[in-house]
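**Q** Give the three-dimensional model of this entry:
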Amino acid sequence: MFFLANCQEGLPHLSRILMHMDHIAVNMILAMRLRRTALWNIYSARIVRMAAMDDTTEDRAGARAGIQVIARAAAVLRSLKDAPGGMSLGQIAERVELPRSTVQRIVQALQEERLVITSGTAGGVRLGPELHALAGAARYNTAERCRPLLQAIVEETGETVDLSVLRGGRMIFLDQIQGTHRLRAVSAVGEAFPLTTTACGLSCLALLSEAEARKLAQDEWARLGTAPDPARLARSIQQARATGLAEDHDDHTAGISALGFAFSDLAGDLHAISVPVPTSRYDRQKAAVTAALLRTKAEIARIFEV
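**A** Residues are numbered from 1 along each chain as shown. Below you'll find the predicted structure:
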């Protein structure tokens with residue numbers, strides 16, 4: 001009876017104990033769940049960060065690969081610049097120092113964009129019409145880019161400065177800024193000048209191969225009915241290559257001497273910047289004009305570097 005009574009009296013206490021244990025168990029389960037959730041969140045965050053790092057690494061690797069492809073395609077295009085008749089894949093590969101298989105993939109991509117096309121030779125390619133169209137779109141900027149440089153020469157020397165381009169075996173004047181002297185040389189934009197008797201023409205011939213320069217000179221002599229003088233022409237071209245500037249002394253126009261240099265623009269066209277000076281003060285001005293032209297030549301090289 002005593003045991004039963006005690007048990008009956010202890011039931012409420014036992015019930016409260018069991019309920020308290022239930023609460024403890026529930027709280028433990030919740031705590032474990034929360035812990036697992038927290039750990040999962042931490043783990044998930046790490047996975048996201050690792051994935052982001054992988055994406056960044058892949059993006060950087062992809063960017064580097066893309067730059068390399070562009071550089072290689074540009075090298076292929078440059079190799080074709082001096083080969084109007086086209087080149088075979090093997091010749092291109094040798095020129096750019098890349099495997100033939102790599103060159104073939106690049107050429108196929110360029111052909112799809114019409115930047116290169118098949119040439120007459122078996123398996124050969126040459127520059128395509130799309131590239132010429134792009135070059136034509138950029139060509140008009142040459143005179144615009146050069147004008148501040150021409151203006152700087154005028155301010156430095158006080159002499160007239162001309163910009164011309166080699167077209168059809170002649171030098172065509174594109175731009176001119178007149179000097180500040182009362183006695184100065186003046187020519188009209190669009191006027192054509194010969195190659196073999198002008199500083200602008202001789203400077204362009206100096207950038208060509210011997211065969212190309214000789215052919216243009218012979219065509220000019222025949223067209224103008226001028227007595228050929230290949231020895232004098234060779235000396236003039238050699239001097240231009242040695243000094244960086246071509247020169248004429250009253251060769252084209254009596255009373256006018258000139259200095260000039262030539263350069264190739266982004267389209268591959270030959271241009272010349274020249275300074276015509278009245279012969280009466282040419283010797284006094286030659287040093288200043290030479291310094292101004294050589295400085296401008298260095299600036300041009302940076303602008304049209306390819």
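
**Q** for Tyr276, helix, strand, or coil?
**A** Quick fix: residue 276 is Pro, not Tyr. Applying DSSP: H, G, I helix; E, B strand; the rest coil to Pro276 yields a three-state assignment of strand.

**Q** Could you report the pLDDT at it?
**A** pLDDT, Pro276: 96.

**Q** That one contacts His252, correct?
**A** No. Counting by CB atoms under 8 Å, Pro276 sits too far from His252 to count as a contact (9.1 Å). For glycine as for every other residue, the C-beta is placed from the backbone atoms N, C-alpha and C.

**Q** What backbone torsions are found at Thr118?
**A** phi -70, psi 140 (degrees, to the nearest 10).

**Q** What does the pLDDT read for it?
**A** On pLDDT, Thr118 comes in at 85.

**Q** Compare Pro276 and His252 and say which is more crowded by neighbours.
**A** The neighbour count for Pro276 versus His252, taken as other CB atoms under 10 Å, is higher for Pro276 (28 against 18).

**Q** And for the more buried one, nearest residue in space, chain neighbours not counted?
**A** In space, and not counting its chain neighbours, Pro276 is closest to Ala185: 3.7 Å by CB to CB, 6 or more residues apart in numbering.

**Q** Same check on Ala262?
**A** Ser203 (3.8 Å).

**Q** Report the buried residues of the helix or strand hosting that neighbour.
**A** Using DSSP states H and E, Ser203 sits in helix 199-207. Neighbour-count burial for helix 199-207, with 16 or more other CB atoms under 10 Å as criterion, is recorded at 199-207.

**Q** and of those residues, the nearest to Met87?
**A** Leu207 (21.2 Å; CB to CB).

**Q** In contact with the closest one: list those residues for me.
**A** Shown in contact with Leu207 (CB atoms under 8 Å, 6 or more residues apart in numbering): 262-264, 270.

**Q** show me where pLDDT drops low in this structure?
**A** For the chain, the stretches flagged by pLDDT under 70 are 1-66, 120-123, 132, 135-140, 305-306.

**Q** the helices in the stretch 101-250 of the chain, which residues?
**A** Using DSSP state H, counting those that start in this stretch, the helices of the stretch 101-250 of the chain run over residues 129-139, 141-157, 199-207, 210-224, 230-243.

**Q** Beta-bridge partners for the nearest residue to Leu270 once chain neighbours are set aside, please?
**A** Leaving aside its sequence neighbours, Leu270 sits nearest to Leu166 (CB to CB, 6+ apart; 4.2 Å). Assessed by DSSP bridges, Leu166 has beta-bridge partners Met171.

**Q** How about the contacts made by Leu166?
**A** By CB under 8 Å, 6+ apart, the residues touching Leu166 are 172, 195, 201, 204, 262, 269-272.

**Q** Looking at those residues, spot the one nearest Leu127.
**A** Asp269 (13.6 Å).

**Q** surely that closest one meets Leu163?
**A** No. Look at Asp269 against Leu163 with CB under 8 Å: they stay out of range, at 11.9 Å.

**Q** okay, these two: which has more neighbours?
**A** Leu163 (22 against 15).

**Q** Report the contact partners of the nearest residue to that one once chain neighbours are set aside.
**A** Using CB to CB, 6+ apart and skipping the chain neighbours, the partner closest in space to Leu163 is Asp175 (4.2 Å). Neighbour list for Asp175: 143, 146-147, 150, 162-163, 189 [criterion: CB under 8 Å, 6+ apart].

**Q** what does Phe263 give?
**A** For Phe263, counting by CB under 8 Å, 6+ apart, the contacting residues are 207, 270-273, 297, 300-301, 304.

**Q** Tell me the strands beside the helix or strand hosting it, with direction?
**A** Per DSSP H and E, Phe263 falls inside strand 256-264. Partner strands for strand 256-264, per DSSP bridges, with pairing direction: strand 246-249 (antiparallel), strand 270-278 (antiparallel).

**Q** Who are the packing partners of the next helix or strand along the chain from the last one?
**A** The C-terminal neighbour of strand 270-278 among helices and strands, as given by DSSP H and E, is helix 279-303. Other elements packing on helix 279-303 under the criterion 3 or more CB pairs under 8 Å, 6 or more residues apart in numbering; DSSP states H and E are helix 141-157, strand 256-264, strand 270-278.

**Q** Relative to Ala71, which of those is closest?
**A** Of all the helices and strands packed on helix 279-303, it is strand 256-264 that lies closest to Ala71, at 20.1 Å by CB to CB.
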